[in-house]
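Q: Based on what follows, work out the 3D shape:
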Amino acid sequence: SRPNPRQAELLQRAEAEKLAFSTVESLCLVPKVSPEELLAAAPRLQKRHYLEAVWERSIQKLCGYPLCCATLHPVQQQFRISLREGKVYDLTELKQYCSQQCFAASRHYAAQLPELPVGFRAPHTVQQWGRTIQLLPPHQPEQQQRGKQQQH
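A: So this is what the prediction gives:
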């Protein structure tokens, strides 16, 4: 017997969640993903899925931004005080990244992901999503930058 429309909708949503979970896994299982892989992941994710991948990567001592393969170093500080700006910053989220640049690039990517679950999106919007995402480059350690300058 064929499932009724409500059952079919629930099955479709469950499949979308499974796909999102496997996408999060793929972002965490390798030290670095390619820009193409990160763009291809976008239609299968919502913002919360991506933030889970960031968290999982940081637990593995990898920079949370999937385009970066840098190792995280322990940061003991909880807060940073900017005398110039007169502000106190909580470093909890920043500790998941190797640099300010990766933090900003990751936040930029996450901000472009929808809050709406994949299973609730119209199929044509899901297909178009990855085409509109813009990526920022990860942090380049000084050694890599110097090497590039010497090659030119």
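
Q: Which helix or strand contains the spatially most central residue of the chain?
A: Central residue of the chain (C-alpha atoms, centre = their mean): Tyr50, 4.5 Å from the mean position. Under the criterion of DSSP states H and E, Tyr50 resides in helix 47-59.

Q: give me the element Ala16 is part of.
A: Per DSSP H and E: helix 5-28 holds Ala16.

Q: Please pull up the helix or strand immediately following that helix.
A: helix 35-41.

Q: what's the offset of that next one from the middle of its chain?
A: What separates the centre of helix 35-41 from the centre of its chain is 10 Å, taken as C-alpha atoms, centre = their mean, to the nearest Å.

Q: Need the residues that contact that helix.
A: For helix 35-41, contacts defined as C-beta atoms under 8 Å, 6 or more residues apart in numbering pick out 23, 26-27, 33, 66-67, 109, 130, 133, 135. For the C-beta atoms, the positions are set from N, CA and C on the backbone; glycine is no exception.

Q: Buried residues, that helix. List them.
A: The neighbour-count check on helix 35-41 (16 or more other C-beta atoms under 10 Å) flags 38-39, 41 as buried.

Q: Now the helix holding Tyr50: average pLDDT?
A: The average pLDDT for helix 47-59 rounds to 96.

Q: Same question for stretch 100-111.
A: Here the average pLDDT along stretch 100-111 is 95.

Q: And that stretch, what's buried?
A: For stretch 100-111, by 16+ other C-beta under 10 Å, it's 101-103, 105-106, 109-110.

Q: ditto for stretch 48-64
A: Buried residues in stretch 48-64 (16+ other C-beta under 10 Å): 49-54, 56-58, 62-64.

Q: Serialize these to a markdown table and add fields for distance to Gln96.
A: Output for the buried residues of stretch 48-64, formatted as a markdown table (distance: C-beta to C-beta, whole Å):
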| residue | distance to Gln96 |
| --- | --- |
| His49 | 15 |
| Tyr50 | 12 |
| Leu51 | 9 |
| Glu52 | 12 |
| Ala53 | 11 |
| Val54 | 6 |
| Glu56 | 10 |
| Arg57 | 8 |
| Ser58 | 4 |
| Leu62 | 9 |
| Cys63 | 8 |
| Gly64 | 4 |
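
Q: Thanks again, I'm all set now.
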